[in-house]
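# Here is my input; please provide its structure:
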Amino acid sequence: MICTITLNPSVDIRYEMDRFLPDQVNRVNRVSKTAGGKGLNVARVLRQLGEDVAASGFLGGSLGHFIRSELSRLGIHNGFVSIKGNTRNCIAIIHEGKQTEILESGPLVSKSESDQFLKWFSEFVPLVKVVTLSGSLPKGLAKDYYGKLIETANGIPVLLDTNGELLKSTLAKANKPFLIKPNQDELADLLGGKPEKEEQIINALKAEIFAGIPWVVVTLGADGAIVKHGHACYRARMPRVDVKNPVGSGDSVLAGFAAGFARGLVEEKLVRFGLAMGVLNAMEEKTGYINTGKLTWCMQQMIVENLTMTI
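The predicted structure follows:
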């Protein structure tokens, strides 16, 4: 089993309209509501890959009930801890080729609720092969909370996808994640300067902050990815596709690597498998969805070069 953790989930509401007019009445052409949050995108892709997956975090109120119902419908095991606060909404307004987002900050998690989740995780994690940690922390949790979860995992691979000070503080701990997945901007935040060229990114991965992390996956959008594993470095270039919705592609990549580790994939095959999920997600209109029938094609079309590194 794979466990995906989303500590600050949401109900994602997508409004599609021809024009968005501030300070006026706007009528929506199409609306969709889904169980949202980066880790839930990961969980959906894992289910489509046929993996046994549990999703966990904090849920509260009627929106929390909606998410639980969605998980049940999708066949995802529900490990969420109930809280007194209300789960948040996140709204995306699609208009004139643009996307305007309105994101609620989310509920306040109490000390007792935080401790309850840590207890649940310590009892559940021995049952899983891989853990993913995705997104931001809700109010009430200290910035070392991810570090506590990685320590509690006690050697079970933890794949971490977050950014900013939360990522920095987590990487400063003695217990390291098994994989991190920064994009180019997040890599710049870690290092204090943005490496632009391929050679600069590869050299940046030699920084001390990445020591002890087996896998570092730097996603570059349509330009592919650079993946460091030990002393190996892979440069991957994606096939050109008709992009319908790139949102959630990073989460899909995390799902791909999680499934790959659970299945025992290694080296170049793992890289191709993991990164293919991001391409497949971008080809679909829905977020966190893939067409598994195109997986073999995508892996074959991907160009992966194995570069040598001196760390």
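
# show me where pLDDT drops low in the stretch 201-311 of the chain?
308-311 (pLDDT under 70).

# how about 90 then?
Low-confidence regions of the stretch 201-311 of the chain, defined by pLDDT under 90, span residues 203-204, 206, 221-222, 230-231, 244-247, 285-287, 307-311.

# now the strands: where do they sit in it?
Remark: strands assigned in the stretch 201-311 of the chain by DSSP state E, counting those that start in this stretch are 215-219, 225-229, 232-237, 303-308.

# Then the stretch 51-200 of the chain?
When secondary structure is read from DSSP E, counting those that start in this stretch, the stretch 51-200 of the chain shows strands at 53-59, 77-78, 81-82, 88-95, 98-103, 130-134, 158-161, 179-180.

# which strands and helices sit next to the third one?
Applying 3 or more CB pairs under 8 Å, 6 or more residues apart in numbering; DSSP states H and E, we find strand 81-82 packed against strand 53-59, helix 111-124. For glycine as for every other residue, the C-beta is placed from the backbone atoms N, C-alpha and C.

# Mind putting the strands of the stretch 201-311 of the chain into a markdown table with distance to residue 295?
Supplementary listing: those in a markdown table, determined by distance: least, CB to CB, whole Å:
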| stretch | distance to residue 295 |
| --- | --- |
| strand 215-219 | 18 |
| strand 225-229 | 17 |
| strand 232-237 | 15 |
| strand 303-308 | 15 |
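
# picking up where we left off before, closest one to residue 299 among the strands of the stretch 51-200 of the chain?
Comparing the strands of the stretch 51-200 of the chain by their distance to residue 299 (CB to CB), the top pick is strand 179-180, with 18.9 Å.

# Pull the residues that contact the closest one.
Residues from elsewhere that reach strand 179-180, judged by CB atoms under 8 Å, 6 or more residues apart in numbering: 157-161, 167, 171, 213-217, 257.

# need the strands of the stretch 201-311 of the chain in JSON lines with mean neighbour count, can you?
Formatted as JSON lines, the entries for those read as follows, by neighbours: other CB atoms under 10 Å:
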{"stretch": "strand 215-219", "mean neighbour count": "22"}
{"stretch": "strand 225-229", "mean neighbour count": "23"}
{"stretch": "strand 232-237", "mean neighbour count": "19"}
{"stretch": "strand 303-308", "mean neighbour count": "12"}
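
# Looking at the ones you listed, which is nearest to residue 32?
Ranking the strands of the stretch 201-311 of the chain by proximity to residue 32 (CB to CB) places strand 215-219 first, at 25.4 Å.

# between the strand or helix carrying residue 4 and strand 130-134, how many degrees?
Remark: residue 4 resides in strand 2-6, with elements defined by DSSP states H and E. For strand 2-6 against strand 130-134, the angle by axes from the mean of the first three to the mean of the last three CA atoms, to 10 degrees is 20 degrees.
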